[in-house]
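S.K.: Provided below are the primary sequence and the corresponding predicted coordinates.
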Amino acid sequence: MTKRGFVEGPPGDRYGVTRAIRRLGRRLELRSFSLVPEHLNHAEGYRAAVAVALPLLLAILTGRSEWGWAVYAAFWTCLCDVPGPDHLRRRLLAVFVAGGTAVVLVGSWAASIAPHAAMIVGPLLVFLVTLGAGRLKFGGLVGTLSGVVAVVAVGFPNRLDAAFLLAMAFFAGAAWSYALINLLWRIDAFDPLRRAGQSVSARLLDMADYLAGLRDRPHRDAQWHSDHAEHRRAVRLAIERFREVLVRFESEPGRAATARRELAAAETMFGALLALDQACIDRYGPVEERAALAKACRDAVSAWWLSLRQRPRTEAVLAEACARIRAVRGVLTDDPFQGCAAAFGSALSLLSGRDTAVEVAPATVGTGSPVSMVRQGLRQAGGLIMVYYAAIIFGLGYPYWAAMAVIVVLQGGVRVTWARCLERILGSLIGGMMAHALPLLGGGPIVPALVAVALTAITMALRSVNYTIFVMFLTVLFVLVTDMLHPGVGIASARMIDNIVGSLAALVAVLAFRSDFGPPLPKRIEDGIRANRRYGEAVESDQPFAVIEAARAAAGRASVEAEIAAHDPGGWLHRRTRREADLASLQDMRNLAGRAALAWHARLGERAGARA
């Protein structure tokens, strides 16, 4: 630990840099944009580079542009490899390889039947693909990428024999990536769980670090500011991301059970930090006890963070943290502080495996309802029709790029589409400007090919870190590969324009076709206040533990929904007219949540004192 109260990582660690990135991430999350540095995955990047290198080499050596389909298929198959146990990943990838091959054959051939047939074939294929993927559990990414394959295939109309060659090239590239992922270069299937746990522990550490550095100084959230409750929101979102990954491993023993204990421990730690956070805002209790507890909590979270980073993982740091928690409990006299220390002790017991009784609320992830899939398919079809019409009117150079943008941007409701639209436009503009420097590479086909392989590694490694950065490198990669296999003029500019057109078409489609902003922001905030009040009342009336836990979980969900709604397009527009009222209500909701947590931990402290 440093004198200033900040946590130091192991020798050579870059904790300060990643902490600064997470600080930026908290600002972006306020506006529904994600930045998760813990999800940088070098191994996936290197493997994708090898997957793309072989078909790219064949395309260069043979001089046949059809092999470009093998290049794209290899990349898309790597992109389709979702978090989950090996059997789930194999099944979804096999569906993509077989289904994508069929989509290429049908799309390319059907688009050649008549002029402008793409306006019918593209939307129809995407609609059918969306419905089919909706019947697959965790098949969302398979459906998205299959839709991308469909619109690109429609962009290359060919007779049946030529369409068959394109389909076989796609199959070769996809099958090669499938073999590389599942047989030749296997990456630990549980790695996404480890990264999700690291993400939660890092954000808990940021929150605990801030509280430990306060001592007797006023808390920043005592007054309203633009980043109010940023740590609370960051931890909540990280916990939900962890839960969404964990649900994919629901039937797995061993390390999945460890992850379930980690999630339960994270929720316990967060509840205690929430109570301590409110105590610092209200200046509750003796400052010496607050400071001592905050330091012990920071040390406990730091121990978990360090244990996740150590290879092999050791429990020694967790045991030391348990000893410090027991020591600080001896100097605490206030019941809420005793309860917070007891909660951290329980969390450390879960993490060290001494306590295995875990009950974690499941995430709602799986297959979509038929109605929602039909609605999503119709939205995408409508967006594609707009794009194809714009391509005819304005003569877009690569209309399938605009069609691809529709598919990947129009995901879910208005909030997600709004954020993805802005991120894709920004990433395409930056990437397109970078791509203008590609002619300076020179070196015949060798140097551009090596750069393309390197870009593949970077793009795939960054795919889960931030969407804007991912699109930025993806744009440069696609412009480079397209220029190598299908040389033309103005490819970079066409990529920027097409992505802007497609992103805006997706936004118009989601707004025009039964857009659902959900309940208005004031209603969301009222629900959050009501849920947190019920949580506090359950504690005050000494309800059974199960009732209080259910009320706490409901209050947390309602708070998250209100926080997210406050920054989606509907909430943002509403705040322009009722800013003061909404901000005051949000602050009331957050204070209620903190005081309910403080009351609950006071009860835990009373029980701990009675047992002692």
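M.R.: Sure thing, it's come through.

S.K.: State the number of residues packed around residue 447.
M.R.: The number of residues packed near residue 447 is 11, by other CB atoms under 10 Å. Using the backbone N, CA and C atoms, a C-beta is placed for each residue, glycine as well.

S.K.: repeat for the one 10 residues further on
M.R.: Using other CB under 10 Å as the criterion, residue 457 is surrounded by 20 other residues.

S.K.: and if you look at the one 10 residues further on?
M.R.: Look at residue 467: counted by other CB under 10 Å, it has 23 neighbours.

S.K.: tell me which element the nearest residue to it once chain neighbours are set aside is part of?
M.R.: Once flanking residues are discounted, residue 467 sits nearest to residue 423: 4.6 Å by CB to CB, 6 or more residues apart in numbering. For residue 423, the enclosing helix or strand under DSSP states H and E is helix 414-435.

S.K.: how does this protein divide into domains?
M.R.: Taking automatic domain parsing as the domain assignment, the ranges for the chain are 190-352, 521-611.

S.K.: out of those, which comes closest to residue 369?
M.R.: domain 190-352 (17.4 Å; CB to CB).

S.K.: so where's the stretch 401-550 of the chain uncertain?
M.R.: Scanning the stretch 401-550 of the chain with the threshold set as pLDDT under 70 gives 442-443, 514-518.

S.K.: ok, for residue 127, nearest residue in space, not its chain neighbours?
M.R.: Counting by CB to CB, 6+ apart, residue 377 is the residue found nearest to residue 127 once chain neighbours are left out, at 4.0 Å.

S.K.: Contact partners for the one you found?
M.R.: Contacts for residue 377 (CB atoms under 8 Å, 6 or more residues apart in numbering) come out as 126-128, 130-131.

S.K.: quick one: which of these sit in strands?
M.R.: Per DSSP state E, strands hold no members of these.

S.K.: Tell me the most packed of the residues you listed, by neighbour count.
M.R.: Neighbours here are counted as other CB under 10 Å. On that basis the top member of those is residue 126, with 30 neighbours.

S.K.: what's the pLDDT at that one?
M.R.: For residue 126, the model assigns a pLDDT of 95.

S.K.: backbone phi and psi for residue 94, please?
M.R.: With angles defined as degrees, to the nearest 10, residue 94 shows backbone torsions of phi -60, psi -40.

S.K.: hang on, it packs against residue 178?
M.R.: Yes: Residue 94 sits in contact with residue 178 when judged by CB atoms under 8 Å, with a separation of 7.1 Å.

S.K.: what residues are up against residue 242?
M.R.: Here residue 242 is in contact with 193, 196-197, 199-200, 259, 262-263, 266 (CB under 8 Å, 6+ apart).

S.K.: now swap in residue 436 and tell me
M.R.: Residue 436 is in contact with residue 492, counting by CB under 8 Å, 6+ apart.

S.K.: Over to it: give its phi and psi.
M.R.: When read as degrees, to the nearest 10, the backbone of residue 436 gives phi -70, psi -20.

S.K.: For residue 68, see how far away it is.
M.R.: 22 Å (CB to CB, to the nearest Å).

S.K.: Equivalent analysis for residue 131, please.
M.R.: Summarising the geometry, the distance separating residue 131 from residue 68, computed by CB to CB, is 29 Å.

S.K.: that older thread, any idea which of the domains of the chain is most buried?
M.R.: Each of these was given a mean neighbour count from mean count of other CB atoms under 10 Å, and the largest, a mean of 21, is that of domain 190-352.

S.K.: model confidence over that domain, on average?
M.R.: 90.

S.K.: and that domain, how far from the chain's centre?
M.R.: Average the C-alpha atoms of domain 190-352, do the same for its chain, and the two points are 21 Å apart (CA atoms, centre = their mean, to the nearest Å).

S.K.: What's the end-to-end length of that domain?
M.R.: Using CA to CA, to the nearest Å, one end of domain 190-352 lies 19 Å from the other.

S.K.: Any buried residues in stretch 388-407, and which?
M.R.: Under the neighbour-count criterion of 16 or more other CB atoms under 10 Å, stretch 388-407 has 388, 390-391, 396-407 buried.

S.K.: Put the alpha carbons of that stretch into CSV.
M.R.: Taking only C-alpha atoms (Å, rounded to 0.1, in the frame of the first residue of the first chain), the coordinates of stretch 388-407 have been written out as CSV:
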residue,chain,number,x,y,z
TYR,A,388,-30.8,-0.7,-50.5
TYR,A,389,-33.0,2.2,-51.7
ALA,A,390,-30.3,4.7,-50.6
ALA,A,391,-27.7,2.7,-52.5
ILE,A,392,-29.7,2.9,-55.7
ILE,A,393,-30.5,6.7,-55.3
PHE,A,394,-27.0,7.8,-54.2
GLY,A,395,-24.9,5.1,-55.9
LEU,A,396,-23.2,3.8,-52.8
GLY,A,397,-19.9,2.1,-53.7
TYR,A,398,-20.2,-0.9,-51.3
PRO,A,399,-23.8,-1.1,-50.2
TYR,A,400,-23.3,-4.4,-48.4
TRP,A,401,-21.2,-2.5,-45.9
ALA,A,402,-24.1,-0.2,-45.1
ALA,A,403,-26.3,-3.4,-44.9
MET,A,404,-23.8,-4.9,-42.4
ALA,A,405,-24.1,-1.8,-40.3
VAL,A,406,-27.8,-2.2,-40.0
ILE,A,407,-27.5,-5.8,-38.8
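
S.K.: Can you name the residues in contact with that stretch?
M.R.: Contact partners of stretch 388-407, identified using CB under 8 Å, 6+ apart, comprise 116, 118-119, 122, 126, 144, 147-148, 151-152, 154-156, 380, 383-384, 387, 424, 478, 482, 488, 490-491, 494-495, 497-499, 501-503, 505-506, 509.

S.K.: on that earlier part again, so for the helix or strand encompassing the residue nearest to residue 127, mean pLDDT?
M.R.: For residue 377, the enclosing helix or strand under DSSP H and E is helix 370-394. Rounded to a whole number, the mean pLDDT of helix 370-394 is 88.

S.K.: now the angle from the following helix or strand past it to helix 414-435?
M.R.: Where DSSP H and E defines the elements, the next helix or strand beyond helix 370-394 is helix 399-409. Compare the direction of helix 399-409 with that of helix 414-435 by axes from the mean of the first three to the mean of the last three CA atoms, to 10 degrees and you get 140 degrees.

S.K.: how much does helix 399-409 deviate in direction from helix 370-394?
M.R.: 150 degrees.

S.K.: heads up, I number from 45, so please use that
M.R.: Sure, I'll start numbering at 45, so the last one becomes helix 443-453.

S.K.: any idea how far residue 376 lies from residue 332?
M.R.: Taking CB to CB as the measure, residue 376 falls 10 Å from residue 332.

S.K.: Next: residue 219.
M.R.: Distance from residue 219 to residue 332, counting by CB to CB: 66 Å.

S.K.: likewise residue 195?
M.R.: Here the distance between residue 195 and residue 332 works out to 64 Å (CB to CB).

S.K.: Same question for residue 471.
M.R.: Applying CB to CB, the value for residue 471 to residue 332 is 50 Å.

S.K.: Repeat that for residue 539.
M.R.: Taken as CB to CB, the spacing of residue 539 relative to residue 332 amounts to 60 Å.

S.K.: swap in residue 232?
M.R.: When distances are taken as CB to CB, residue 232 and residue 332 turn out to be 45 Å apart.

S.K.: How about residue 99, nearest residue that isn't a chain neighbour?
M.R.: Nearest residue to residue 99, sequence neighbours excluded (CB to CB, 6+ apart): residue 114, at 3.6 Å.

S.K.: Tell me which residues of the strand or helix carrying that neighbour come out buried.
M.R.: When secondary structure is defined by DSSP H and E, residue 114 falls within helix 112-123. Using 16+ other CB under 10 Å as the burial criterion, the residues of helix 112-123 that qualify are 112-123.

S.K.: Distance to residue 294 and secondary structure added to the contacts of residue 286, as CSV?
M.R.: Conversion of the contacts of residue 286 to CSV gives the following (distance: CB to CB, whole Å; DSSP: H, G, I helix; E, B strand; the rest coil):
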residue, distance to residue 294, secondary structure
237, 12, helix
240, 14, helix
241, 16, helix
243, 20, helix
244, 18, helix
303, 11, helix
306, 15, helix
307, 12, helix
310, 18, helix
